[in-house]
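[1] Prediction below, plus the sequence it came from.
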Amino acid sequence: MRRRARPLPATSVDPYARRLLKELLHIHQQVRQRLPLDALLQAVLESALRVVPNVQRGCILVRNDDVLEYRAAVGYDLVKLRQVCFPVEDIHAWHNQGRQDVVQGQDYLDWDTGHLHPDAVAILRDHGHLDEIHVSLITAIYVDEERYGNLVLDNLRTAQPFPPIAKRLAQAFADQVGATLSQALMVTRLEQAGQLLAEYERLAALGQLITGIMHEVNNPLTAIMGHAELLGEAYLTHAEAESLAQIANGALRIQGVVRSLLTFARQQHTHDQRVQLNDLVEQTLALIHYELTREQIAVHLDLAANLPLLVADPGQLNQVLLNLLLNARDAVVAQEQPRTISVQTRSSIAPGGEREVQLAVMDTGPGVDPLIARRIFEPFFTTKPQGRGTGLGLAICYGIIGAYNGRIWVEPAPGGGARFHVRLPSKPFEEAVAGVE
Ligand SMILES: Nc1ncnc2c1ncn2[C@@H]1O[C@H](COP(=O)(O)OP(=O)(O)OP(=O)(O)O)[C@@H](O)[C@H]1O
Ligand SMILES: [Mg+2]
(Lines give C-alpha, C1' and ligand atoms only; values in the text may rest on other atoms or scores of the structure.)
(Ligands and ions follow the chains in the order given, each with its own letter.)
Protein backbone atom coordinates (compact mmCIF):
# COMPACT_ATOMS: atom_id res chain seq x y z
CA MET A 1 0.00 0.00 0.00
CA ARG A 2 1.37 3.42 -0.91
CA ARG A 3 1.49 6.10 1.69
CA ARG A 4 0.91 9.59 0.58
CA ALA A 5 3.55 12.08 1.82
CA ARG A 6 2.00 14.57 4.11
CA PRO A 7 2.74 18.17 3.09
CA LEU A 8 4.72 20.13 5.67
CA PRO A 9 2.65 22.75 7.40
CA ALA A 10 3.70 26.13 6.08
CA THR A 11 4.67 27.28 9.55
CA SER A 12 7.31 24.53 9.96
CA VAL A 13 9.61 26.14 7.32
CA ASP A 14 11.29 28.92 9.20
CA PRO A 15 11.76 32.18 7.35
CA TYR A 16 15.51 31.89 7.54
CA ALA A 17 15.54 28.48 5.84
CA ARG A 18 13.13 29.84 3.28
CA ARG A 19 15.53 32.68 2.49
CA LEU A 20 18.36 30.26 2.23
CA LEU A 21 16.44 28.05 -0.18
CA LYS A 22 15.57 31.10 -2.24
CA GLU A 23 19.23 32.06 -2.50
CA LEU A 24 20.27 28.54 -3.48
CA LEU A 25 17.57 28.47 -6.13
CA HIS A 26 18.79 31.84 -7.39
CA ILE A 27 22.37 30.54 -7.68
CA HIS A 28 21.17 27.39 -9.40
CA GLN A 29 19.30 29.48 -11.98
CA GLN A 30 22.36 31.61 -12.63
CA VAL A 31 24.54 28.56 -13.11
CA ARG A 32 22.00 27.22 -15.61
CA GLN A 33 22.09 30.49 -17.51
CA ARG A 34 25.78 29.85 -18.13
CA LEU A 35 26.87 33.29 -17.03
CA PRO A 36 30.58 34.10 -17.34
CA LEU A 37 32.57 32.62 -14.47
CA ASP A 38 33.32 35.93 -12.73
CA ALA A 39 29.64 36.93 -12.82
CA LEU A 40 28.71 33.59 -11.26
CA LEU A 41 31.30 33.93 -8.52
CA GLN A 42 30.02 37.43 -7.78
CA ALA A 43 26.42 36.13 -7.59
CA VAL A 44 27.39 33.33 -5.18
CA LEU A 45 29.27 35.80 -3.00
CA GLU A 46 26.34 38.22 -2.90
CA SER A 47 23.98 35.39 -1.94
CA ALA A 48 26.36 34.32 0.83
CA LEU A 49 26.40 37.86 2.16
CA ARG A 50 22.60 37.93 2.28
CA VAL A 51 22.36 34.67 4.18
CA VAL A 52 25.41 34.09 6.40
CA PRO A 53 24.92 35.85 9.75
CA ASN A 54 27.27 38.58 11.03
CA VAL A 55 28.83 39.25 7.62
CA GLN A 56 28.94 42.61 5.85
CA ARG A 57 31.75 42.25 3.37
CA GLY A 58 33.52 39.48 1.52
CA CYS A 59 35.58 38.27 -1.37
CA ILE A 60 36.44 35.13 -3.33
CA LEU A 61 40.03 34.28 -4.19
CA VAL A 62 40.73 31.66 -6.84
CA ARG A 63 43.88 29.91 -7.90
CA ASN A 64 45.50 30.71 -11.23
CA ASP A 65 48.60 28.54 -11.70
CA ASP A 66 50.74 29.25 -8.67
CA VAL A 67 49.00 32.38 -7.40
CA LEU A 68 45.71 33.16 -5.73
CA GLU A 69 43.77 36.06 -7.28
CA TYR A 70 40.75 38.11 -6.25
CA ARG A 71 37.84 37.12 -8.51
CA ALA A 72 34.78 38.53 -6.73
CA ALA A 73 34.26 41.10 -3.98
CA VAL A 74 31.57 42.95 -2.08
CA GLY A 75 32.60 46.07 -0.18
CA TYR A 76 36.07 46.12 -1.73
CA ASP A 77 37.49 47.79 -4.82
CA LEU A 78 37.92 44.65 -6.93
CA VAL A 79 39.75 46.40 -9.76
CA LYS A 80 42.45 47.55 -7.34
CA LEU A 81 42.59 44.25 -5.47
CA ARG A 82 43.08 42.33 -8.69
CA GLN A 83 46.59 43.82 -8.81
CA VAL A 84 47.51 41.72 -5.78
CA CYS A 85 48.39 38.03 -6.09
CA PHE A 86 49.20 35.68 -3.24
CA PRO A 87 51.74 32.91 -3.83
CA VAL A 88 49.79 29.65 -3.41
CA GLU A 89 52.70 27.94 -1.62
CA ASP A 90 52.80 30.62 1.10
CA ILE A 91 49.04 30.57 1.54
CA HIS A 92 49.06 26.78 1.88
CA ALA A 93 51.79 26.99 4.49
CA TRP A 94 49.77 29.61 6.34
CA HIS A 95 46.63 27.47 6.35
CA ASN A 96 48.60 24.46 7.43
CA GLN A 97 49.77 26.36 10.49
CA GLY A 98 46.23 26.06 11.86
CA ARG A 99 44.93 29.37 10.45
CA GLN A 100 42.19 27.66 8.48
CA ASP A 101 39.02 29.25 9.74
CA VAL A 102 38.95 32.57 11.44
CA VAL A 103 41.43 35.46 11.40
CA GLN A 104 41.52 39.00 12.73
CA GLY A 105 42.13 42.03 10.54
CA GLN A 106 45.42 42.62 12.28
CA ASP A 107 46.60 39.09 11.49
CA TYR A 108 46.08 39.76 7.79
CA LEU A 109 48.17 42.90 7.91
CA ASP A 110 50.99 41.14 9.75
CA TRP A 111 51.04 38.28 7.27
CA ASP A 112 50.84 40.50 4.18
CA THR A 113 53.65 42.74 5.44
CA GLY A 114 55.86 39.70 5.96
CA HIS A 115 55.12 38.02 2.60
CA LEU A 116 54.13 40.56 -0.04
CA HIS A 117 55.78 43.40 -1.89
CA PRO A 118 55.29 46.76 -0.08
CA ASP A 119 53.23 48.03 -3.07
CA ALA A 120 50.84 45.09 -2.71
CA VAL A 121 50.58 45.68 1.05
CA ALA A 122 49.76 49.34 0.37
CA ILE A 123 46.96 48.35 -2.07
CA LEU A 124 45.53 45.94 0.49
CA ARG A 125 45.74 48.56 3.22
CA ASP A 126 44.08 51.28 1.11
CA HIS A 127 41.53 49.24 -0.83
CA GLY A 128 41.12 46.10 1.27
CA HIS A 129 40.55 48.17 4.45
CA LEU A 130 42.02 45.35 6.49
CA ASP A 131 42.15 47.47 9.66
CA GLU A 132 38.33 47.72 9.62
CA ILE A 133 37.90 43.97 9.88
CA HIS A 134 37.25 42.59 13.32
CA VAL A 135 37.13 39.00 12.29
CA SER A 136 36.98 37.05 9.00
CA LEU A 137 35.65 33.60 8.28
CA ILE A 138 37.80 31.89 5.68
CA THR A 139 36.41 28.78 4.02
CA ALA A 140 38.43 26.64 1.66
CA ILE A 141 37.11 26.07 -1.85
CA TYR A 142 37.94 22.65 -3.25
CA VAL A 143 37.94 21.52 -6.87
CA ASP A 144 38.57 17.81 -7.51
CA GLU A 145 39.84 17.39 -3.93
CA GLU A 146 42.40 20.11 -4.46
CA ARG A 147 42.36 23.36 -2.53
CA TYR A 148 41.52 25.93 -5.17
CA GLY A 149 40.68 29.12 -3.37
CA ASN A 150 39.02 30.84 -0.41
CA LEU A 151 35.67 32.32 0.37
CA VAL A 152 36.36 35.17 2.79
CA LEU A 153 33.50 36.70 4.79
CA ASP A 154 34.20 39.68 7.06
CA ASN A 155 32.54 40.90 10.20
CA LEU A 156 33.19 44.63 10.61
CA ARG A 157 31.09 45.04 13.73
CA THR A 158 32.26 42.73 16.48
CA ALA A 159 35.15 40.41 17.18
CA GLN A 160 32.71 37.74 18.36
CA PRO A 161 33.43 34.32 16.89
CA PHE A 162 31.08 33.26 14.10
CA PRO A 163 28.22 30.99 15.18
CA PRO A 164 28.36 27.34 13.98
CA ILE A 165 25.52 27.95 11.50
CA ALA A 166 27.65 30.66 9.81
CA LYS A 167 30.45 28.14 9.30
CA ARG A 168 28.09 25.53 7.88
CA LEU A 169 26.50 28.02 5.50
CA ALA A 170 29.87 29.37 4.39
CA GLN A 171 30.86 25.77 3.69
CA ALA A 172 27.75 25.30 1.53
CA PHE A 173 28.55 28.43 -0.49
CA ALA A 174 32.22 27.48 -0.83
CA ASP A 175 31.09 24.07 -2.15
CA GLN A 176 28.87 25.88 -4.64
CA VAL A 177 31.85 27.95 -5.79
CA GLY A 178 33.90 24.73 -6.09
CA ALA A 179 31.19 23.12 -8.25
CA THR A 180 30.98 26.25 -10.44
CA LEU A 181 34.76 26.33 -10.88
CA SER A 182 34.89 22.64 -11.63
CA GLN A 183 32.28 23.12 -14.37
CA ALA A 184 34.19 26.11 -15.80
CA LEU A 185 37.46 24.13 -15.79
CA MET A 186 35.77 21.28 -17.59
CA VAL A 187 34.54 23.64 -20.29
CA THR A 188 38.07 25.10 -20.64
CA ARG A 189 39.56 21.62 -20.95
CA LEU A 190 36.99 20.67 -23.56
CA GLU A 191 37.82 23.81 -25.51
CA GLN A 192 41.53 22.96 -25.31
CA ALA A 193 40.83 19.41 -26.51
CA GLY A 194 38.89 20.91 -29.42
CA GLN A 195 41.83 23.14 -30.31
CA LEU A 196 44.18 20.15 -30.19
CA LEU A 197 41.92 18.26 -32.53
CA ALA A 198 41.87 21.23 -34.88
CA GLU A 199 45.69 21.24 -34.72
CA TYR A 200 45.83 17.56 -35.75
CA GLU A 201 43.48 18.28 -38.61
CA ARG A 202 45.60 21.25 -39.63
CA LEU A 203 48.71 19.03 -39.69
CA ALA A 204 46.91 16.40 -41.74
CA ALA A 205 45.82 19.10 -44.20
CA LEU A 206 49.40 20.44 -44.24
CA GLY A 207 50.63 16.93 -45.05
CA GLN A 208 48.29 16.76 -48.05
CA LEU A 209 49.31 20.21 -49.22
CA ILE A 210 53.00 19.33 -48.93
CA THR A 211 52.50 16.11 -50.87
CA GLY A 212 50.81 18.00 -53.70
CA ILE A 213 53.48 20.68 -53.91
CA MET A 214 56.36 18.24 -53.63
CA HIS A 215 55.12 16.12 -56.50
CA GLU A 216 55.06 19.29 -58.59
CA VAL A 217 58.64 20.10 -57.53
CA ASN A 218 59.91 16.59 -58.08
CA ASN A 219 59.36 16.42 -61.84
CA PRO A 220 61.36 19.51 -62.89
CA LEU A 221 63.95 18.53 -60.29
CA THR A 222 64.49 15.15 -61.87
CA ALA A 223 64.92 16.89 -65.24
CA ILE A 224 67.52 19.32 -63.77
CA MET A 225 69.48 16.46 -62.23
CA GLY A 226 69.35 14.42 -65.44
CA HIS A 227 70.59 17.33 -67.57
CA ALA A 228 73.32 18.17 -65.05
CA GLU A 229 74.51 14.57 -65.29
CA LEU A 230 74.53 14.70 -69.10
CA LEU A 231 76.43 17.98 -69.10
CA GLY A 232 78.97 16.48 -66.70
CA GLU A 233 80.06 14.15 -69.49
CA ALA A 234 80.83 17.03 -71.85
CA TYR A 235 84.16 18.79 -71.90
CA LEU A 236 83.89 21.71 -69.49
CA THR A 237 86.19 24.46 -68.32
CA HIS A 238 87.03 24.56 -64.64
CA ALA A 239 84.59 27.43 -64.01
CA GLU A 240 81.83 25.64 -65.89
CA ALA A 241 82.44 22.43 -63.96
CA GLU A 242 82.24 24.37 -60.73
CA SER A 243 78.93 25.99 -61.72
CA LEU A 244 77.59 22.61 -62.75
CA ALA A 245 78.61 21.14 -59.40
CA GLN A 246 76.75 23.92 -57.68
CA ILE A 247 73.64 23.21 -59.74
CA ALA A 248 73.92 19.52 -58.90
CA ASN A 249 74.42 20.25 -55.20
CA GLY A 250 71.51 22.66 -55.11
CA ALA A 251 69.29 20.12 -56.85
CA LEU A 252 70.45 17.48 -54.40
CA ARG A 253 69.58 19.67 -51.48
CA ILE A 254 66.11 20.32 -52.90
CA GLN A 255 65.71 16.62 -53.43
CA GLY A 256 66.62 16.10 -49.77
CA VAL A 257 63.97 18.60 -48.70
CA VAL A 258 61.38 17.04 -51.01
CA ARG A 259 62.05 13.62 -49.54
CA SER A 260 62.03 14.93 -45.98
CA LEU A 261 58.72 16.60 -46.47
CA LEU A 262 57.22 13.59 -48.18
CA THR A 263 58.34 11.38 -45.31
CA PHE A 264 56.95 13.94 -42.87
CA ALA A 265 53.66 13.78 -44.72
CA ARG A 266 53.96 9.96 -44.63
CA GLN A 267 52.93 9.68 -48.23
CA GLN A 268 56.10 8.21 -49.63
CA HIS A 269 55.82 4.65 -50.80
CA THR A 270 58.55 2.42 -49.55
CA HIS A 271 60.36 0.14 -51.93
CA ASP A 272 61.88 -2.48 -49.69
CA GLN A 273 64.67 -4.57 -51.17
CA ARG A 274 67.92 -6.18 -50.09
CA VAL A 275 70.52 -3.51 -49.54
CA GLN A 276 74.14 -3.41 -48.49
CA LEU A 277 74.62 -0.53 -46.05
CA ASN A 278 78.30 -0.15 -46.99
CA ASP A 279 77.29 0.52 -50.60
CA LEU A 280 74.76 3.12 -49.51
CA VAL A 281 77.41 4.86 -47.39
CA GLU A 282 79.72 5.08 -50.39
CA GLN A 283 76.95 6.26 -52.71
CA THR A 284 75.86 9.00 -50.34
CA LEU A 285 79.41 10.15 -49.73
CA ALA A 286 79.96 10.30 -53.47
CA LEU A 287 77.02 12.68 -53.73
CA ILE A 288 78.59 15.17 -51.35
CA HIS A 289 82.21 14.42 -52.16
CA TYR A 290 82.74 17.68 -53.97
CA GLU A 291 81.32 19.74 -51.14
CA LEU A 292 83.37 17.95 -48.48
CA THR A 293 86.56 18.42 -50.49
CA ARG A 294 85.84 22.10 -50.99
CA GLU A 295 85.41 22.58 -47.24
CA GLN A 296 88.59 20.57 -46.63
CA ILE A 297 86.76 17.97 -44.63
CA ALA A 298 88.48 14.60 -44.42
CA VAL A 299 86.38 11.44 -44.39
CA HIS A 300 87.50 8.30 -42.56
CA LEU A 301 85.74 5.14 -43.59
CA ASP A 302 85.79 2.04 -41.45
CA LEU A 303 83.30 -0.31 -43.12
CA ALA A 304 82.93 -3.86 -41.85
CA ALA A 305 83.57 -6.64 -44.34
CA ASN A 306 80.78 -9.22 -44.69
CA LEU A 307 78.15 -6.87 -43.37
CA PRO A 308 74.79 -8.67 -43.52
CA LEU A 309 72.26 -7.30 -45.97
CA LEU A 310 69.35 -5.20 -44.80
CA VAL A 311 65.83 -5.25 -46.15
CA ALA A 312 64.97 -1.60 -46.61
CA ASP A 313 64.13 1.15 -49.04
CA PRO A 314 67.56 2.33 -50.23
CA GLY A 315 66.16 5.82 -50.90
CA GLN A 316 65.12 6.15 -47.28
CA LEU A 317 68.42 4.86 -45.88
CA ASN A 318 70.27 7.22 -48.23
CA GLN A 319 68.24 9.98 -46.75
CA VAL A 320 69.22 9.00 -43.21
CA LEU A 321 72.88 8.90 -44.25
CA LEU A 322 72.62 12.20 -46.08
CA ASN A 323 71.03 13.94 -43.09
CA LEU A 324 73.65 12.60 -40.69
CA LEU A 325 76.51 13.49 -43.03
CA LEU A 326 75.18 16.98 -43.75
CA ASN A 327 74.74 17.60 -40.03
CA ALA A 328 78.31 16.41 -39.46
CA ARG A 329 79.50 18.72 -42.25
CA ASP A 330 77.64 21.67 -40.67
CA ALA A 331 79.17 20.79 -37.30
CA VAL A 332 82.79 20.70 -38.49
CA VAL A 333 82.72 23.44 -41.07
CA ALA A 334 83.18 26.25 -38.55
CA GLN A 335 85.93 24.34 -36.69
CA GLU A 336 89.68 24.62 -37.05
CA GLN A 337 91.53 21.97 -39.01
CA PRO A 338 91.59 19.00 -38.91
CA ARG A 339 87.92 18.65 -39.81
CA THR A 340 87.01 15.03 -39.93
CA ILE A 341 83.91 12.94 -40.41
CA SER A 342 84.18 9.22 -39.66
CA VAL A 343 81.72 6.59 -40.73
CA GLN A 344 81.80 3.13 -39.25
CA THR A 345 79.67 0.05 -39.94
CA ARG A 346 79.58 -3.12 -37.88
CA SER A 347 77.52 -6.25 -37.59
CA SER A 348 76.51 -7.49 -34.18
CA ILE A 349 74.13 -9.83 -32.40
CA ALA A 350 71.32 -8.21 -30.45
CA PRO A 351 70.56 -9.47 -26.90
CA GLY A 352 67.61 -11.43 -28.36
CA GLY A 353 69.99 -13.32 -30.70
CA GLU A 354 68.95 -11.39 -33.82
CA ARG A 355 71.60 -10.16 -36.22
CA GLU A 356 71.83 -6.44 -36.58
CA VAL A 357 73.76 -3.83 -38.49
CA GLN A 358 75.28 -0.82 -36.77
CA LEU A 359 76.24 2.52 -38.21
CA ALA A 360 78.11 5.33 -36.50
CA VAL A 361 78.65 8.80 -37.97
CA MET A 362 81.17 10.76 -35.97
CA ASP A 363 82.55 14.27 -36.36
CA THR A 364 85.11 16.62 -34.85
CA GLY A 365 82.59 19.43 -34.40
CA PRO A 366 81.52 21.03 -31.12
CA GLY A 367 79.25 18.11 -30.17
CA VAL A 368 75.60 18.26 -29.09
CA ASP A 369 74.97 20.28 -25.95
CA PRO A 370 73.50 17.83 -23.35
CA LEU A 371 70.79 20.43 -22.66
CA ILE A 372 69.35 20.01 -26.17
CA ALA A 373 70.27 16.36 -26.78
CA ARG A 374 66.76 15.22 -25.86
CA ARG A 375 65.16 17.62 -28.33
CA ILE A 376 67.23 17.26 -31.48
CA PHE A 377 65.03 14.46 -32.87
CA GLU A 378 61.90 16.59 -32.54
CA PRO A 379 60.49 17.93 -35.82
CA PHE A 380 61.41 21.56 -36.48
CA PHE A 381 64.00 21.68 -33.69
CA THR A 382 67.02 23.49 -35.07
CA THR A 383 69.84 25.66 -33.75
CA LYS A 384 70.79 26.77 -37.24
CA PRO A 385 70.10 30.28 -38.49
CA GLN A 386 66.82 30.91 -40.25
CA GLY A 387 66.97 29.74 -43.82
CA ARG A 388 69.77 27.26 -43.07
CA GLY A 389 68.00 24.49 -41.19
CA THR A 390 64.42 23.29 -41.15
CA GLY A 391 64.95 21.05 -38.13
CA LEU A 392 63.42 18.15 -40.02
CA GLY A 393 66.60 16.14 -40.76
CA LEU A 394 66.89 14.15 -37.55
CA ALA A 395 63.12 13.87 -37.11
CA ILE A 396 62.99 12.18 -40.51
CA CYS A 397 65.92 9.90 -39.57
CA TYR A 398 64.12 8.98 -36.37
CA GLY A 399 60.90 8.21 -38.26
CA ILE A 400 62.63 6.07 -40.88
CA ILE A 401 64.80 4.11 -38.45
CA GLY A 402 61.81 3.59 -36.16
CA ALA A 403 59.77 2.21 -39.07
CA TYR A 404 62.45 -0.51 -39.52
CA ASN A 405 62.33 -1.32 -35.79
CA GLY A 406 65.76 0.20 -35.39
CA ARG A 407 67.18 2.77 -33.01
CA ILE A 408 69.02 6.04 -33.44
CA TRP A 409 70.71 8.03 -30.70
CA VAL A 410 73.56 10.44 -30.10
CA GLU A 411 76.56 10.30 -27.79
CA PRO A 412 79.59 12.50 -27.32
CA ALA A 413 82.47 11.35 -29.56
CA PRO A 414 85.82 10.72 -27.83
CA GLY A 415 87.32 13.94 -29.28
CA GLY A 416 84.36 16.08 -28.12
CA GLY A 417 82.30 16.00 -31.34
CA ALA A 418 79.02 14.17 -31.90
CA ARG A 419 78.62 10.46 -32.57
CA PHE A 420 75.30 9.37 -34.05
CA HIS A 421 74.54 5.66 -33.71
CA VAL A 422 72.03 3.68 -35.72
CA ARG A 423 71.06 0.05 -35.16
CA LEU A 424 68.95 -1.84 -37.66
CA PRO A 425 67.78 -5.44 -37.39
CA SER A 426 68.99 -7.62 -40.25
CA LYS A 427 66.31 -10.15 -41.10
CA PRO A 428 66.05 -12.69 -43.88
CA PHE A 429 64.23 -10.99 -46.77
CA GLU A 430 61.09 -13.16 -46.72
CA GLU A 431 60.65 -12.63 -42.99
CA ALA A 432 61.12 -8.90 -43.23
CA VAL A 433 58.71 -8.57 -46.13
CA ALA A 434 56.10 -10.70 -44.36
CA GLY A 435 56.61 -8.49 -41.29
CA VAL A 436 57.35 -11.55 -39.10
CA GLU A 437 59.10 -10.64 -35.87
N1 LIG B 1 76.66 16.41 -35.81
C2 LIG B 1 76.09 17.33 -35.04
N3 LIG B 1 76.83 18.07 -34.17
C4 LIG B 1 76.26 19.01 -33.40
N5 LIG B 1 74.92 19.28 -33.38
C6 LIG B 1 74.14 18.57 -34.21
C7 LIG B 1 74.67 17.56 -35.07
N8 LIG B 1 73.64 17.02 -35.75
C9 LIG B 1 72.52 17.67 -35.35
N10 LIG B 1 72.82 18.59 -34.42
C11 LIG B 1 71.87 19.49 -33.74
O12 LIG B 1 70.56 18.99 -33.92
C13 LIG B 1 69.72 19.99 -34.51
C14 LIG B 1 68.66 19.31 -35.32
O15 LIG B 1 69.22 18.67 -36.43
P16 LIG B 1 68.32 18.37 -37.70
O17 LIG B 1 69.14 17.65 -38.67
O18 LIG B 1 67.05 17.74 -37.26
O19 LIG B 1 67.93 19.82 -38.22
P20 LIG B 1 68.90 20.90 -38.88
O21 LIG B 1 70.17 20.24 -39.33
O22 LIG B 1 69.00 22.02 -37.95
O23 LIG B 1 68.02 21.33 -40.14
P24 LIG B 1 67.79 20.45 -41.47
O25 LIG B 1 68.42 19.11 -41.26
O26 LIG B 1 66.31 20.33 -41.57
O27 LIG B 1 68.39 21.24 -42.54
C28 LIG B 1 70.69 20.86 -35.27
O29 LIG B 1 70.16 22.16 -35.50
C30 LIG B 1 71.89 20.88 -34.34
O31 LIG B 1 71.70 21.79 -33.28
MG1 LIG C 1 70.09 18.46 -40.41
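    Yep, that arrived. Ligands and ions are numbered 1, 2, ... in the order given.
[2] just the strands in this structure please.
    57-64, 67-74, 85-87, 102-103, 135-143, 146-155, 273-275, 297-303, 310-312, 339-349, 355-363, 407-412, 418-425 (DSSP state E).
[3] Would you mind checking which helix or strand in the chain has the lowest mean pLDDT?
    Counting by mean pLDDT, DSSP states H and E, the chain has its least confident helix or strand at helix 429-434, which shows a mean of 54.
[4] and the lengthiest helix in the chain with strand 67-74, angle?
    Determined from DSSP state H, the single longest helix within the chain is helix 164-232. For helix 164-232 against strand 67-74, the angle by axes from the mean of the first three to the mean of the last three C-alpha atoms, to 10 degrees is 130 degrees.
[5] What mean pLDDT does helix 164-232 get?
    Throughout helix 164-232, pLDDT has a mean value of 78.
[6] Show me what it is packed against.
    helix 15-32, helix 37-51, strand 135-143, strand 146-155, helix 238-264 (3 or more C-beta pairs under 8 Å, 6 or more residues apart in numbering; DSSP states H and E). Heads up, the C-betas are built off the backbone N, CA and C, glycines and all.
[7] Contacts for the fourth one, please.
    Around strand 146-155, the neighbours that count as contacts under C-beta atoms under 8 Å, 6 or more residues apart in numbering are 45, 48-49, 52, 54-63, 68, 71, 75, 91-92, 95, 133-142, 162, 166, 170, 173-174, 177-178, 181.
[8] Quick check on the residues you listed: which are buried?
    45, 48-49, 52, 54-55, 57-63, 68, 71, 75, 91, 133, 135-139, 141-142, 162, 166, 170, 173-174, 177-178, 181 (16 or more other C-beta atoms under 10 Å).
[9] give me the subset of these touching ligand 2.
    Restricting those to those touching ligand 2 (C-beta under 5 Å from the ion) yields no residues.
[10] Spell out which parts of the stretch 201-350 of the chain neighbour ligand 2.
    So far as C-beta under 5 Å from the ion goes, the stretch 201-350 of the chain lies against ligand 2 at Asn327.
[11] Low-confidence stretches in the stretch 201-350 of the chain?
    Counting by pLDDT under 70, the ranges of the stretch 201-350 of the chain that qualify are 201-207, 260-261, 263-270.
[12] mind redoing it with 80?
    201-215, 256-271, 350 (pLDDT under 80).
[13] Spatially nearest residue to the single nearest residue of it relative to ligand 2 (excluding sequence neighbours)?
    Taking C-beta to the ion as the measure, the stretch 201-350 of the chain has Asn327 as its residue closest to ligand 2, at 4.4 Å. Spatially, and ignoring its direct neighbours in sequence, Asn327 is nearest to Gly393 (6.1 Å; C-beta to C-beta, 6 or more residues apart in numbering).
[14] Ligand 1 contacts on the protein?
    323, 327-328, 331, 363, 365, 367-368, 376, 381-384, 389-395, 418 (C-beta under 6 Å from any ligand atom).
[15] What about these, which are in helices?
    323, 327-328, 331, 393-395.
[16] how about TSV for these, with neighbour count added?
    Below are those laid out as TSV (neighbours: other C-beta atoms under 10 Å):
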residue	neighbour count
Asn323	23
Asn327	24
Ala328	27
Ala331	19
Gly393	26
Leu394	22
Ala395	20
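[17] Many thanks, I have nothing further to ask.
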